[in-house]
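In: Give the three-dimensional model of this entry:
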Amino acid sequence: MAQPARLDRDLTEPEPIPEAGIARAVELMRSGRLFRYGEMGADQLDVSLLEQEFAAFVGRRYCVAVNSGGGALFLALKVAGVEPGDPVLVNGFTLAPVPGAIIHAAARPVIVEIGRDYVIDIADLRAKAEASGARVLLLSHMRGHLADMDAVAAICAELGLVMIEDCAHAMCANWKGRTIGTFGQAAAFSAQTYKHLNAGEGGFLVLDDAAMAARAILHSGSYMLHGQHLSSPGPAALDAASGSAANFSMRMSALAAAILRPQLAELPRRAARWNAIHDRIAAGLGRSQHLRVPPRDGGQVYSATSIQFSVKGLDAGEMGAFLAEAKARGLPIKWFGAAGQVGFTSAPRHWAYAGEQGALAATHAVLETLCDIRTPVSLTDEECDLIATIVAEALETVIRTRAETGPTGRDNPLKVAS
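Out: Okay, here's the model as predicted:
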């Protein structure tokens, strides 16, 4: 009998950095001038130029580049006026740095349920906002899944909620022609290796309010060298905030900016290819009656660097067997229903630091069946088809085993694949 086909690809392998970025990085390393500010005037303008270019790319007035996407979220909360102990609403399908940013700001996460299409539940948003008294919503566009932004914006306006957007997985996305990252009072983007832009680590805060931008620049760690910013609200706004905005030392380095700047021009091409990869795999998965890929609302243009799907009808032991079967064929699948945190993947029940949140039954019912596969932009069409085939065949193997031996049960000792 022929052996089933394997995927011989490392799904964590990124594309190379553009040659222009490598050349500029080498030039900077030879100079030794890697700090974004210079005491005798700007030693180089890589970070300032990147901020200016990124603000224009998103369509916002100001951008502050920092050392991580989570740091940009923390900064957004601070400049939005979040105080220690304040409740901050956040949807339940996200990654740990998002509630972590709330804790970093000494605030209190209030987790809002999600629906079966992985996005925030508007009815529960209203209920949690009214019960908690929260005045800030940190909306995570997790894995690029976009909520009905008209509905979210309407309820924020009705309840007086300040919206901050987590756009770590939503670069190049839009809702009915409006760019994701321009709905909230502020928005945070990431330049971690596995995101749309790759600096290893890095983040961007974008916003339009001059006073908030001034505080963000000072909080990020400009000392009194903020005159070297090109994306700036000007000296009057910065002078007004000086002395009241603590320096949190969150600056992006010149080296990270040099690597990132040439990547901006490539983003539309890369986003189009990522979506083609997503759609091809989704079409293959959709042919299995045991899988559900949530439909994307017609109002959105997404930008998917990974694909998510829900598995129907397996218990925990069978999920473990399914993941192990796929991994044996070279396909690692992340699972949000695991009992403990695995790699980057976690769920609200793992966030003890977030405090008591109640059952969150709807959210965990969705996450118990939710799987996630990283999709590098270099995947070929044949590899996309093979990924869908491996998922379907691994699932059929588990279902066939059940028919032959009976369910594995909740206490099955199979270890979940990481």
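
In: beta partners of the residue lying closest to residue 132 once chain neighbours are set aside?
Out: Of all residues not flanking residue 132 in the chain, residue 87 sits nearest, at 4.2 Å (C-beta to C-beta, 6 or more residues apart in numbering). Where C-beta positions appear, they are placed from N, C-alpha and C, glycine not excepted. Assessed by DSSP bridges, residue 87 has beta-bridge partners residue 108.

In: start at 357 instead
Out: Right, with 357 as the first residue, what we last looked at is residue 443.

In: Residue 715 versus residue 443, what's the distance?
Out: Here residue 443 is placed at a distance of 18 Å from residue 715 (C-beta to C-beta, to the nearest Å).

In: Which residue of those two possesses the greater neighbour count?
Out: Per other C-beta atoms under 10 Å, whichever of residue 443 and residue 715 has more neighbours is residue 443, with 18 against 9.

In: so what's the more buried one up against?
Out: If a contact means C-beta atoms under 8 Å, 6 or more residues apart in numbering, then residue 443 has 463-466, 488-490 as its contacts.

In: in which helix or strand would I find the residue most central in space within the chain?
Out: Centroid-nearest residue in the chain, with C-alpha atoms, centre = their mean: residue 524, separated by 3.2 Å. Of the helices and strands defined by DSSP states H and E, none includes residue 524.

In: What are the neighbouring residues in contact with it?
Out: Counted by C-beta under 8 Å, 6+ apart, residue 524 has contacts 425, 451, 496-497, 544-546, 548, 551.

In: hmm, 7 Å instead?
Out: Contact analysis of residue 524 by C-beta atoms under 7 Å, 6 or more residues apart in numbering lists 425, 545-546, 551.

In: Show only the entries of the residues you listed found in strands.
Out: 545-546 (DSSP state E).

In: Among the contacts of residue 524, which one sits closest to residue 372?
Out: residue 551 (15.9 Å; C-beta to C-beta).

In: correct me, but residue 508 touches residue 495?
Out: Yes: with contacts defined as C-beta atoms under 7 Å, residue 508 counts as touching residue 495 at a distance of 6.5 Å.

In: Looking at these two, which has the bigger crowd around it?
Out: Neighbours per residue (other C-beta under 10 Å) separate residue 508 from residue 495, with residue 495 holding more: 30 against 24.

In: and the helix of greatest length in the chain, how far from the chain's centre?
Out: Taking DSSP state H as the criterion, the chain has its longest helix at helix 737-761. Distance, stretch centre to chain centre, for helix 737-761: 28 Å (C-alpha atoms, centre = their mean, to the nearest Å).

In: do stretch 709-729 as well
Out: Here the centre of stretch 709-729 is set off from its chain's centre by 17 Å, with C-alpha atoms, centre = their mean.

In: Please spell out which residues along stretch 665-684 are buried.
Out: 665-667, 670-683 (16 or more other C-beta atoms under 10 Å).

In: Repeat that for stretch 505-525.
Out: Buried-residue list, stretch 505-525, by 16+ other C-beta under 10 Å: 505, 508-509, 511-512, 517-525.

In: Please apply the same query to stretch 559-574.
Out: In stretch 559-574, counting by 16+ other C-beta under 10 Å, buried: 559-563, 565-566, 568-574.

In: now stretch 482-501
Out: For stretch 482-501, the neighbour count (16+ other C-beta under 10 Å) marks 484-485, 490-501 as buried.
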